[in-house]
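J.: this one's sequence-less:
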């Protein structure tokens, strides 16, 4: 049986005046997409698999936080 690989890339997304916006750049990493999104307040990152957007997993979202906050939110020292 032949294994099928799903093509995944990441895109920055945000809302502007109640309109959903996406950068539509096919970023190969979550970090690249998050850096692209930094230009937009309240940005987030979506994964695009086989042309369909999906929400990031909790682990993927932690990677976005490393870009957004400069470190993982869980690793903050008191």
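T.: Great, that's in hand. Quick caveat, the model's predicted, so the values are computed rather than measured.

J.: CA only for contacts and neighbour counts going forward, please
T.: Will do.

J.: Tell me how far the residue most central in space within the chain lies from residue 23.
T.: Centroid-nearest residue in the chain: residue 45, 2.3 Å away (criterion: Cα atoms, centre = their mean). From residue 45 across to residue 23, the span is 10 Å (Cα to Cα, to the nearest Å).

J.: list residues touching both of the two?
T.: Residues touching both residue 45 and residue 23 (Cα atoms under 8 Å, 6 or more residues apart in numbering): 11, 12, 13, 37.

J.: May I ask you to name the longest strand in this structure?
T.: Secondary structure of the chain read by DSSP state E shows that its longest strand is strand 8-16.

J.: Do you have the helices of this protein handy? List them.
T.: Along the chain, the stretches classed as helices by DSSP state H are 30-37, 58-69.

J.: which of the ones you listed sits most buried?
T.: A comparison of the helices of the chain by mean neighbour count, using mean count of other Cα atoms under 10 Å, puts helix 30-37 on top with a mean of 21.

J.: what's the angle from that one to strand 8-16?
T.: 20 degrees (axes from the mean of the first three to the mean of the last three Cα atoms, to 10 degrees).

J.: how distant is helix 30-37 from the center of its chain?
T.: 6 Å (Cα atoms, centre = their mean, to the nearest Å).

J.: Over to stretch 60-68?
T.: Counting by Cα atoms, centre = their mean, stretch 60-68 comes out at 8 Å from the chain centroid.
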